[in-house]
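Participant: based on what follows, work out the 3D shape:
(chains A and B)
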Amino acid sequence: MQNQLVYVLLADDNEDDRVDFVEAFESLKIHTSVKTVNNGVELMNFLNEPSSQLPHIIFLDLNMPKKSGLECLIEIRKSERLKRLTVAVYSTSSSEKDIDRTFLNGANIYIKKPENLSLLKQSLLQVLTIDWQYHSSGLNRDNFLFLL
Amino acid sequence: MIYHLIYDMEAICRRVVQDQLKNSGLKFTLLNRSELQIDQQIPEFSFDKLNKIFHGFGVQIAADPEDLIVLKIKDAIRELIEKGENITVDKNSCYLSKALNINYRYLSRVFSALTFTTIENYIILQKIEKAKEIIAADVLTFTEIAWRLNYSSVGHFSMQFKNTTGFTPSRFRRIINQRRNLV
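Facilitator: All right, here's what the predicted structure looks like:
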């Protein structure tokens, strides 16, 4: 993993949040290449474009206008080409019902959005490390569920 | 009716590697699951080709000696967990350095540098993955799982499961079962 570049795709309609995430990724010891899109429609257009570099992991804001994170997640899991991508969903909601619904629709990781940048960095590092174990250690993806 | 499949990972891995290598026309010997001896010099391009063929099966040829150490550590840990051995921090360090014949401090440094996680955390993650697999198969109680994976109590097991995954074992089981019914 030392020299590996991890491709990250981030979908969030809020510019401040995008800036925070990108800054957090840049500070990690894991090398990432981060692409951002501004909403769910852009996300799906990018993913469905055959020439796009598919990411190792998608970070998906649950609350976006036009096409919500949940709608994107459902489309991703229905697509033969995309369904094995790791999807980490984040939201400010900590209601058990909301969280379980995203897992039922195929999320791998649910992140309760941290309140400050240093907590965000910690969560992102944890997410990338877990995801890496799934890529490199042959773990069963059906059981790939984490709640951070 | 849904049936559960029980895998012999060892046999599957051997079979995949053997089949793919046979197709490549190379002379080889599989020493064990993670060591492959190729009985002839192979040019760079066919090495790449081999890696590409294997890639679709999640198999990688590790050329770097430090990558190899990490793979061996992972294999040794998996074996310990499969056997249901009692794994404690001092026991595992002893076991791993014996199994690989390399001192533990070096092992632990290489492992952390290459995987960005510690051996201790990796063992916990693997144990919890094993627990998830057993929970998903839905045949053992949590107490039996705790016992089988060598936790001192079901409480200790539940706590480590929660700390690692964010779910209590019963919430995890509920989600897995509900998701299965949706498919």
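
Participant: quick one: is the helix or strand encompassing B:Tyr95 near chain A?
Facilitator: Here B:Tyr95, judged by DSSP states H and E, is contained in helix B:89-100. No. Using C-beta under 8 Å from any C-beta of the partner chain, we find that helix B:89-100 stays clear of chain A, coming within 15.9 Å at best. All C-beta atoms are positioned from the backbone trio N, CA, C, and that covers glycine.

Participant: name the next helix or strand downstream of that helix, please.
Facilitator: Following helix B:89-100 toward the C-terminus (DSSP H and E): helix B:104-115.

Participant: what's that following helix packed up against?
Facilitator: helix A:117-136, helix B:65-82, helix B:89-100, helix B:119-137 (3 or more C-beta pairs under 8 Å, 6 or more residues apart in numbering or on different chains; DSSP states H and E).

Participant: and the angle from that helix to helix A:117-136?
Facilitator: Counting by axes from the mean of the first three to the mean of the last three C-alpha atoms, to 10 degrees, helix B:104-115 lies at 100 degrees to helix A:117-136.

Participant: what is the neighbour count of B:Cys94?
Facilitator: Neighbour count for B:Cys94, taken as other C-beta atoms under 10 Å in any protein chain shown: 12.

Participant: export stretch A:78-97 to PDB, keeping only CA atoms.
Facilitator: Provided in PDB are the C-alpha atoms of stretch A:78-97 (Å, rounded to 0.1, in the frame of the first residue of the first chain):
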ATOM      1  CA  LYS A  78     -28.000  -2.300  -9.700                       C
ATOM      2  CA  SER A  79     -25.200  -1.700 -12.300                       C
ATOM      3  CA  GLU A  80     -23.200  -4.800 -13.300                       C
ATOM      4  CA  ARG A  81     -20.100  -2.700 -13.800                       C
ATOM      5  CA  LEU A  82     -20.300  -0.600 -10.600                       C
ATOM      6  CA  LYS A  83     -21.900  -2.900  -8.000                       C
ATOM      7  CA  ARG A  84     -18.600  -4.000  -6.500                       C
ATOM      8  CA  LEU A  85     -17.300  -0.600  -5.800                       C
ATOM      9  CA  THR A  86     -16.900   0.400  -2.100                       C
ATOM     10  CA  VAL A  87     -19.400   3.000  -1.100                       C
ATOM     11  CA  ALA A  88     -18.900   5.100   2.100                       C
ATOM     12  CA  VAL A  89     -22.000   7.200   2.800                       C
ATOM     13  CA  TYR A  90     -21.900  10.100   5.100                       C
ATOM     14  CA  SER A  91     -24.500  12.200   6.700                       C
ATOM     15  CA  THR A  92     -25.300  14.200   9.800                       C
ATOM     16  CA  SER A  93     -28.200  11.900  10.700                       C
ATOM     17  CA  SER A  94     -27.500   9.500  13.500                       C
ATOM     18  CA  SER A  95     -31.000   7.900  13.500                       C
ATOM     19  CA  GLU A  96     -30.800   4.100  13.500                       C
ATOM     20  CA  LYS A  97     -33.600   3.900  10.900                       C
END
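
Participant: since that was my last question, I'll sign off now.
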